[in-house]
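K.L.:
Let's see this in three dimensions:
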Amino acid sequence: MQIKRVELEGILKLVKLATSPHMFVEEFTCFIFDKDIIYGTDGDFIISRPFDCNFTCLVSANRLSEVLSKITLDDLNIIYKNDKLLIKTKSASVRLKTLPLSESIIDVIKGRQPTEWSPLPTNFVEGIRSCLFSVSKDLARVDMSSISINGNKVNSSDDIRGSIYKMNAELPPFLLPLRAGGILVELAKAVTLTKYCLADHGVFFTDGVYTFYTIKTDSEYSDIEPHFDFQGVEFNLPDNFCSSIELVSIFSDEKFNFDKLITMRFQKDRIKLSSEDSFGSIDKAFPCNLEGLKKEFSVMVNPTFLIEVLAKIQADTKRLKVGVDRILFDFGHFKHLMVAFGEEG
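P.N.:
Below you'll find the model as predicted:
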């Protein structure tokens, strides 16, 4: 078969999202070519796409992706011959070893097929993205390490933070594993997911070309909404709040944006932002009237997450509510709650 390198790289990049990053099961680190479709799976998640290749085999996802990234010519000829995948250009010929399609892989991909599709709320992925930061990373907490979808609400919590996003349509209740949420968000950067199919064993999402399957978390999810209802002082965030968060986040000593944290300290006459790393520290204060505050307290905030949210919300809806031991960012359709980690009497 003949194909453009850029086209093939784009396809494989998305399919690879569902493959395993670990080598515990070699087949789960491979692209699966099956005549007229290509799959990527780690056993729990599957991404598939039509791909007319007319051969069946498994090939290392990492190695094939690396080969394509080094090829400079755009016209490729792909041939499957003698248990090898041949990739030819005018000046190069690459031979990749392949694996046969085993019964276990067939059971995974063939036994999980969608039946009847239904429309997906247009802001579903935005709800998942907004709530990802609050999901517990403790996988022993099966419920809290998942995202709850129930009616028109997307919920997540790790006992310190909680998020509720209101969608523009309702869905049946189910729990998405944390990694499934991450894959959905990455996939949706390239395609627009418009339909879903809820099955007994999992959930399917599609844009009409790519199909993503994820298992469901088998657990009950605790109701977090009562924690969002508390007495407190409410006010609009200052106009330069977002730029101040960006400034303070410079001294957050973490490699990845997802792990960055800054401190917000609430006192009766001001809110203080601060961070510190091996290069230095920074403090930024905002005057405000918190006379109803009974004691000072602090919360840890992910600045990357907060900046992304603030950038998408209109100024007149950027409300902050401060209670005895918690704060609530209220953006109308999205609410984010943080509980204090330290107090002073």
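K.L.:
P226 in helix, strand or coil?
P.N.:
What DSSP: H, G, I helix; E, B strand; the rest coil gives for P226 is helix.
K.L.:
ok, it - how many residues close by?
P.N.:
Neighbour count of P226, defined by other C-beta atoms under 10 Å: 8. Heads up, the C-betas are built off the backbone N, CA and C, glycines and all.
K.L.:
do the one 4 residues further on as well
P.N.:
Residue crowding around F230 was assessed by other C-beta under 10 Å; the count is 15.
K.L.:
How about the contacts made by the closest residue to it other than its chain neighbours?
P.N.:
Leaving aside its chain neighbours, F230 sits nearest to G323 (4.5 Å; criterion: C-beta to C-beta, 6 or more residues apart in numbering). By C-beta atoms under 8 Å, 6 or more residues apart in numbering, G323 lies in contact with F230, Q231, G232.
K.L.:
Minimum pLDDT in those residues, which residue is that?
P.N.:
On pLDDT alone, G232 ranks lowest of the contacts of G323, at 83.
K.L.:
For that one, give me its contacts.
P.N.:
For G232, the residues meeting the contact criterion (C-beta under 8 Å, 6+ apart) are G292, K321, V322, G323, V324, R326, I327, L328.
K.L.:
if I read this right, I47 contacts Y39, doesn't it?
P.N.:
Yes - using C-beta atoms under 8 Å, I47 is in contact with Y39, at 7.1 Å.
K.L.:
Mutual contacts of these two, please.
P.N.:
Common neighbours of I47 and Y39, using C-beta under 8 Å, 6+ apart, are V15, A18.
K.L.:
For A190, give me its contacts.
P.N.:
Taking C-beta under 8 Å, 6+ apart as the test, what A190 contacts is G10, K13, L14.
K.L.:
Report the backbone C-alpha coordinates of the helix or strand L68 falls within in PDB.
P.N.:
Take DSSP states H and E as the rule and L68 turns out to sit in helix 61-70. Taking C-alpha atoms only, helix 61-70 is exported to PDB below (Å, rounded to 0.1, in the frame of the first residue of the first chain):
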ATOM      1  CA  ALA A  61       4.400   1.000  18.300                       C
ATOM      2  CA  ASN A  62       7.500   2.700  19.600                       C
ATOM      3  CA  ARG A  63       9.800   1.400  16.900                       C
ATOM      4  CA  LEU A  64       7.500   2.100  14.000                       C
ATOM      5  CA  SER A  65       6.800   5.700  15.300                       C
ATOM      6  CA  GLU A  66      10.600   6.300  15.700                       C
ATOM      7  CA  VAL A  67      11.300   5.000  12.200                       C
ATOM      8  CA  LEU A  68       8.700   7.400  10.700                       C
ATOM      9  CA  SER A  69      10.000  10.300  12.700                       C
ATOM     10  CA  LYS A  70      13.400   9.800  11.100                       C
END
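K.L.:
where's stretch 103-121 relative to the chain centroid, distance-wise?
P.N.:
What separates the centre of stretch 103-121 from the centre of its chain is 21 Å, taken as C-alpha atoms, centre = their mean, to the nearest Å.
K.L.:
Need the contact partners of that stretch.
P.N.:
Under the criterion C-beta under 8 Å, 6+ apart, residues 27, 32, 34, 39, 41, 43, 46, 48, 58, 127, 152, 167-171, 193-199, 201-202, 204-206, 211, 213 lie in contact with stretch 103-121.
K.L.:
make it 6 Å
P.N.:
Outside stretch 103-121, the residues within contact range by C-beta atoms under 6 Å, 6 or more residues apart in numbering are 27, 39, 41, 43, 167-169, 193-197, 204, 213.
K.L.:
Phi, psi for K13 please.
P.N.:
phi -60, psi -40 (degrees, to the nearest 10).
K.L.:
Near it, how many other residues are there?
P.N.:
When neighbours are counted by other C-beta under 10 Å, K13 comes out with 13.
K.L.:
Let's verify E27: helix, strand, or coil?
P.N.:
helix.
K.L.:
Quick one, grab the pLDDT at the nearest residue to it once chain neighbours are set aside.
P.N.:
Among residues not flanking E27 along the chain, I105 sits closest, at 5.4 Å (C-beta to C-beta, 6+ apart). You'll see I105 listed with a pLDDT of 84.
K.L.:
can you tell me the helix or strand for I105?
P.N.:
I105 is located in helix 103-110, with elements delineated by DSSP H and E.
K.L.:
Just the C-alphas of that helix, formatted as CSV.
P.N.:
Extracted as CSV, the C-alpha positions of helix 103-110 are listed here (Å, rounded to 0.1, in the frame of the first residue of the first chain):
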residue,chain,number,x,y,z
GLU,A,103,-6.3,-15.3,20.4
SER,A,104,-6.0,-13.1,23.5
ILE,A,105,-5.8,-10.0,21.4
ILE,A,106,-8.7,-11.1,19.2
ASP,A,107,-10.8,-11.6,22.3
VAL,A,108,-9.9,-8.0,23.4
ILE,A,109,-10.7,-6.2,20.2
LYS,A,110,-13.4,-8.3,18.7
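K.L.:
Let the chain start at 46 from now.
P.N.:
Okay, using 46 as the starting number, the last item reads as helix 148-155.
K.L.:
quick one: buried residues of it?
P.N.:
Within helix 148-155, the residues scored as buried using 16 or more other C-beta atoms under 10 Å are I150, V153, I154.
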